[in-house]
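Enquirer: below is the sequence, then the predicted model.
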Amino acid sequence: MGSEGPKGVTIHVTGFKKFQGVSENPTEAIVNNLMSFVQSKGLLPAGVTLGSCTVLETAGNGALPVLYKVLESGVSGIDTKNEQVIWLHLGVNSGARKFALEKQAVNEATFRCPDELGWQPQQLPIVTEDGGTSRKRETICSIEAILTILKSKGYDVAISNDAGRFVCNYVYYHSLRFAEERGHKCLFVHVPLFSRINEETQMQFVASLLEAIVSTC
């Protein structure tokens, strides 16, 4: 038998629409423009496919069927023996001045304001089968290595251990659980508002992030 070739890599990316206090979510613009941005600049390495680019409703429980439809469609028909699937989720932290690689998600939904479908849970487990709200799930992406690469390119970025308890953490927890079940990888990254770091820089950052994820996966 011949030796196996390197696995191909497919990266799926999601962002969010507006929510209370954030009338224009930068991740919506980033995700909507990402495909044309990386293609026009030839930024994707060989063997890498930018799969779906999806903007999600900023909502928890009420939007769960849509989230799982997106996750399922992203892996449909993929031969996992020859293809590595990675989910990259982008969310905004309106108070941030730098990018944040989120190390983990917590099994707790405590929304500081209602989501876009009017749901505002308090201290509820995101997945009841996982036990209490202290349960955590961590990314298996090599975030220390990703951080080093991004810093070497001049980006102001850090590792975070707290993705909050709002929709970002809610989606991340579900996606980490899904990825673990399917043998995939998943990472959530918080970005600032465009008023803090402009759109062009953030587009370049996400393109560099894709490269860093692929080179370390």
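Expert: That came through fine. Worth saying up front: this structure is predicted, and the values here are computed from it rather than measured.
Enquirer: contacting residues around the closest residue to Val157 other than its chain neighbours?
Expert: In space, Val157 comes closest to Phe99 once its chain neighbours are excluded; the distance is 4.1 Å by CB to CB, 6 or more residues apart in numbering. No exception for glycine: its C-beta is placed from N, CA and C like everyone else's. Taking CB atoms under 8 Å, 6 or more residues apart in numbering as the definition of contact, the neighbours of Phe99 are 150, 155-158, 189-192, 197, 205.
Enquirer: what two of the residues you listed are the furthest from one another?
Expert: Put simply, by CB to CB the two of the contacts of Phe99 set farthest apart are Leu150 and Pro192, 14.4 Å from each other.
Enquirer: among the contacts of Phe99, which lie within strands?
Expert: Within these, membership in strands is found for 157-158, 189-191, as judged by DSSP state E.
Enquirer: filter those residues down to the buried ones, ChimeraX style.
Expert: Command for ChimeraX that selects the buried part of the ones in strands among the contacts of Phe99, burial taken from 16 or more other CB atoms under 10 Å:
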select :157,189,190,191
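Enquirer: out of the ones in strands among the contacts of Phe99, which comes closest to Gln123?
Expert: When the ones in strands among the contacts of Phe99 are compared for distance to Gln123, the smallest value, 22.2 Å, is given by His190; criterion: CB to CB.
Enquirer: what distance do you get for the closest one to Val31?
Expert: Summarising the geometry, the distance separating His190 from Val31, computed by CB to CB, to the nearest Å, is 14 Å.
Enquirer: helix, strand or coil for the residue nearest the centre of the chain?
Expert: Taking CA atoms, centre = their mean, the centroid of the chain lies closest to His89, which sits 1.4 Å from it. Reduced to three states with DSSP: H, G, I helix; E, B strand; the rest coil, the structure at His89 is strand.
Enquirer: what's the pLDDT at the nearest residue to it once chain neighbours are set aside?
Expert: Among residues not flanking His89 along the chain, Phe188 sits closest, at 4.5 Å (CB to CB, 6+ apart). As predicted, Phe188 sits at a pLDDT of 98.
Enquirer: list of residues touching the helix or strand of the chain at the bottom of the mean pLDDT ranking?
Expert: Taking mean pLDDT, DSSP states H and E as the measure, the helices and strands of the chain show their lowest mean at helix 64-75, namely a mean of 92. The set of residues that contact helix 64-75 without belonging to it, under CB under 8 Å, 6+ apart, is 10, 12, 14, 51-52, 54, 56-57, 85, 87, 171, 174-175, 178, 182, 184.
Enquirer: the same query, at a cut-off of 7 Å, please.
Expert: Where contact means CB atoms under 7 Å, 6 or more residues apart in numbering, the residues beyond helix 64-75 that reach it are 12, 14, 51-52, 54, 56-57, 85, 171, 174-175, 178, 182, 184.
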